[in-house]
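Visitor: next come a sequence and a model predicted from it.
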Amino acid sequence: MSLLSVENLVVRHGLLQAVRGVSFTIERGETLALVGANGAGKTTLLRAIAGAHHPAAGRVLLSGADLSNVPSHRRVGMGIALVPEGRKLFVQMTVEENLLLGKTAGRPGDWSVDKVLEMFPNLKPRRHAKTGHLSGGEQQATAIGRALMSNPDVLLLDEVSLGLSPLIVDRVYAALQGLIASGTTIILVEQDLNRALAVSDRVICMLEGRVALEGPSKAVSREDVTKAYFGLHRKSPGSVPA
Amino acid sequence: MSNQIIQGILLGGYYALIACGLSFMFSVMRIINLAHGSLAVFAAFALWWLAARFHISPFVGLLIVLPLMAAIGWVLQRFLLERSARGGALLPILTTFGLAIVIDNLLFEQFGADTRSLAPYIGSLSYDSWEWPGSIYVGKLAVIMFASAVILLGGLQLFLTHTRLGRSIRATSEDPDTAGLVGVDARRANAIAASIAMVTVGLAGAFLGMRSTFDPYAGAPQLLFAFEAAVIGGAGSLWGTLIGGIVLALAQTLGAQVHPQGFLIGGHVAFLIVLFIRLSTSGLGLRGLQRLPTRKPT
Amino acid sequence: MSAVSTSPVIERGTATSRIAAIAVAVIIALLAVAPHFLSAGAVDRITALFIYVILAAMWNALAGFGGLVSVGQQVFFGLGAYFAIRLADAGINPFLALFTSGIIVGAVSWPLSLFMLRLRNGEFAIGMWVIAALTHLLVNLDRLVQGETGTSLISLNVYDAGARRAAIYWLALASMTALLAILFGLLRGSTGAAIRAIRDNEDAAASVGVRVTGTKRLLFVLAAFGIGIAGALWLATSITFQPKTYFNVQWTAYMIFMVLVGGIGTFEGAILGALVFFLIETWFGGIGVWYLVGLGATAVLFSLFLPRGLWGTIEERFGLRLLPVGYRVRFPAAADGDAMPSPPQATPYREKA
């Protein structure tokens, strides 16, 4: 059984359909990269999996269990953790307090404040600083650490490199490599196509709320993805997309 | 004069007690509960009823009334505030105002227009006093009240900054959606916060009944006192509430010195002056009222 | 199909609203001659109804259109009565004093607005209550008022009771009509667009250049003026002035009840709410406390389950609009096979109000 499966998911923001019938599955230990232009529905898809949006149709299954009526905080307890776009830290609270909040769901596992600080040594001197006063890289590290503190089975990463300098992005991805090597299941949204393909096992390219392309990261070419990204894979303009 | 100042400071403890629930609820849920004062009077009546009817001392009565208030807070949040807050920032004002009218008039229906007091049920405590150096007499009740306020505010501060539940409440107050995404049950955190607020309201009601008289319509002035103390106190710390309460009480004391009817006027005027200064220096709104205490960065 | 017939038509009124306008004129005319046919008691009751309509419409102007929920509007009600007493005591004709009092209340509210409008939501709501409590205490200090003992508008007693009753009735009718007309004119005019923009989304309105504070201030002063007039009229009907009665928060409770039940933010809703309140008071006012419990409980239930109120719900359900303050865009049905994009048939009317 797949660890996580998404079946014909439809999510609306008012009249706007952000996600229009998306299906995919992910196996334990796999890393899936979601790419696509702004507004393709990636963030909405991740937030719907985490329970922050209620789908209009379709469902999300975790190890076969339907999550339709499970609120977001209980999904954390079941093993889904989201590192949200824009980090969304509690800026009035310290790094340590933000990390400890990640433990609220009480899942057993070996992540602790000290282990997170070991993974992101730059956070060590900032342990008792309010996260509102941190640099972008430190904030991103805290956000990832907070999600890890819940000892998730599936980690959802939404644009973790957004707004960070290339050097810091390298550091964040080096830390992610460690996670991937340790067998954590990851779905990540990434704008940098090279990075997305390098780090993932499989890639899904979204276009206007639909899956435009899906394939193993090693097998798909940059050109294929670029075409899907801009919708050039359609046979002719104006025809109904598959 | 120094005697009156000390009495004023001690009275400030009562105002801090009644204010801390109001500002706590506002900082967590962004709701100003207009039924706040009426609920305090309800608690006072509940204690009075237990004492008059079953000869239960108000201090023992608190063991019944405080859990009851906690339950009321939970129900209030789940069935009234949560629903009305979804309709925007203005609707909870109307909902809680309607609730205040219902509570006031139900109390009137049940207990009539007579003024009541818990003083007859607490023995000599209502009039006993200690003599302090300089032949200053301070009422034992006033000191107990002040000490309770300090303990309550300190306890609340510690609870918010040093416990898991406290962290959850602070996270919810900052961003309820994200709180959900890190595993905090925001609805539960809000309901617990409302329960805690109502427990403080119950305690304030008890002291209201012990230190003075009350009647079914005494809720409105209590709400105004609470609001004034909370606003004067401002700042992101619960201790600000204590300072706000003391300033309010001292202003009232001063008002009473100036004019026989000046007690309440003094308080209102002090409130408006502080408000005026704060608005002309900071610009928009009373940001100070909205913040929960945070841990000091080291 | 020509392009002209498929382009949307901008309308201000509808057939219903034209009928309603005629009906309003007829009703006002009938009300104006009514005192000749009604008993003294009925004239007094209907005068009270006019005052309720003023109160509801003014509170609605502030809360429903300006987004400013105040729990302290009794301050203007009390001041309206107090200034009338003061002016009459200074020798001014009592009827003239009523109107002048309203103007003074409006003038006083202007500097108050500079201060209070910087508060938001609940802070504004209770802040106004504090202002009302303080004003009450200060009015009590006036020797003329004699504390809670109060005083009377004795100079009205020189008039014959019947003539006085009719005169107050007509004054109340005229005040109500004039205030509603001012409000209607405001909402239909260029300020109306600003008011509706603020009602729908204050921040967005400010970002496209709507003068949010100026518009709110206008509504605040109008509401103060109207409620001041209402307080002065109430004084004229009851003669006695006890500060406790006039500065009672109950008045604001009534306003909130009327507007919540009628439909907050709709022009017709406030009037309907006043009518409902008037009928409830007439039928159940005698049962005392339970009547007040009922009012409070109804307000809670409406705020929870029917926040748009009776009129808002009717309007939404049936697209009915008697006194249109906005615009509506009517799309003619598109012709068959027309290549022009046509809006969905199911929603031929797009209302922007």
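Guide: Cool, the structure landed. Residues are numbered from 1 along each chain as shown, chains lettered A, B, ... in the order given.

Visitor: wait, what's in contact with the spatially most central residue of chain C?
Guide: Within chain C, one residue has its C-alpha closest to the average C-alpha position: by C-alpha atoms, centre = their mean, that is C:Ala57, at 1.2 Å. The contact partners of C:Ala57, by C-beta atoms under 8 Å, 6 or more residues apart in numbering or on different chains, come to C:Leu179, C:Leu180, C:Leu183, C:Gly226, C:Phe267, C:Ala270, C:Ile271, C:Ala274. All C-beta atoms are positioned from the backbone trio N, CA, C, and that covers glycine.

Visitor: for chain B, what spans make up the strands?
Guide: Remark: strands assigned in chain B by DSSP state E are B:116-117, B:129-132, B:136-139, B:213-214.

Visitor: can I get these in JSON lines including mean pLDDT and mean neighbour count?
Guide: JSON lines is the format used below for the strands of chain B (pLDDT from 0 to 100; neighbours: other C-beta atoms under 10 Å in any protein chain shown):
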{"stretch": "strand B:116-117", "mean pLDDT": "94", "mean neighbour count": "20"}
{"stretch": "strand B:129-132", "mean pLDDT": "84", "mean neighbour count": "11"}
{"stretch": "strand B:136-139", "mean pLDDT": "85", "mean neighbour count": "16"}
{"stretch": "strand B:213-214", "mean pLDDT": "95", "mean neighbour count": "19"}
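
Visitor: quick one, which of these gets closest to B:Asn105.
Guide: Distances from B:Asn105 to each of the strands of chain B were compared using C-beta to C-beta; the shortest belongs to strand B:213-214, at 15.3 Å.

Visitor: nearest to chain A: which residue in chain B?
Guide: Proximity to chain A, evaluated over chain B using C-beta to the nearest C-beta, is greatest for B:Gly183 at 3.4 Å.

Visitor: which strands or helices does the longest helix belonging to chain A pack on?
Guide: Across chain A, the longest stretch assigned as helix under DSSP state H is helix A:166-181. Under the contact definition 3 or more C-beta pairs under 8 Å, 6 or more residues apart in numbering or on different chains; DSSP states H and E, helix A:166-181 sits against helix A:136-148, strand A:185-189, helix A:193-199.

Visitor: at 10 Å instead, please
Guide: Under the contact criterion of 3 or more C-beta pairs under 10 Å, 6 or more residues apart in numbering or on different chains; DSSP states H and E, the helices and strands touching helix A:166-181 comprise strand A:31-36, helix A:113-119, helix A:136-148, strand A:154-158, strand A:185-189, helix A:193-199.

Visitor: angle of that helix against strand A:31-36?
Guide: Using axes from the mean of the first three to the mean of the last three C-alpha atoms, to 10 degrees, the inter-axis angle of helix A:166-181 relative to strand A:31-36 is 140 degrees.

Visitor: next, the angle from helix A:166-181 to helix A:136-148.
Guide: Computed by the same axes, to 10 degrees, the angle between helix A:166-181 and helix A:136-148 is 20 degrees.

Visitor: circling back to that earlier point, could you dump the strands of chain B to JSON lines with distance to chain A?
Guide: As requested, the strands of chain B are arranged in JSON lines below (distance: least, C-beta to the nearest C-beta, whole Å):
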{"stretch": "strand B:116-117", "distance to chain A": "42"}
{"stretch": "strand B:129-132", "distance to chain A": "41"}
{"stretch": "strand B:136-139", "distance to chain A": "38"}
{"stretch": "strand B:213-214", "distance to chain A": "37"}
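
Visitor: doesn't B:Leu141 make contact with B:Met210?
Guide: Yes. Shown here, B:Met210 and B:Leu141 form a contact pair, counting by C-beta atoms under 10 Å, at 5.9 Å.

Visitor: got any residues that touch both of the two?
Guide: Common contact partners of B:Met210 and B:Leu141 (C-beta atoms under 10 Å, 6 or more residues apart in numbering or on different chains): B:Tyr14, B:Ala119, B:Ile122, B:Leu125, B:Ser126.

Visitor: tell me the contacts of the residue lying closest to the last one once chain neighbours are set aside?
Guide: Put plainly, it is B:Ser126. Leaving out its chain neighbours, the residue that sits closest to B:Ser126 by C-beta to C-beta, 6 or more residues apart in numbering or on different chains is B:Ala119, at 4.0 Å. The contact partners of B:Ala119, by C-beta under 10 Å, 6+ apart, come to B:Pro58, B:Leu125, B:Ser126, B:Tyr127, B:Leu141, B:Gly209, B:Met210, B:Arg211, B:Ser212, B:Thr213.

Visitor: returning to what we had before: export the helices and strands packed on helix A:166-181 to CSV and tack on mean neighbour count, mean pLDDT and distance to chain B?
Guide: Formatted as CSV, the entries for these read as follows, by neighbours: other C-beta atoms under 10 Å in any protein chain shown; pLDDT from 0 to 100; distance: least, C-beta to the nearest C-beta, whole Å:
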stretch, mean neighbour count, mean pLDDT, distance to chain B
strand A:31-36, 24, 92, 18
helix A:113-119, 17, 91, 13
helix A:136-148, 24, 91, 6
strand A:154-158, 25, 93, 10
strand A:185-189, 24, 93, 15
helix A:193-199, 16, 88, 23
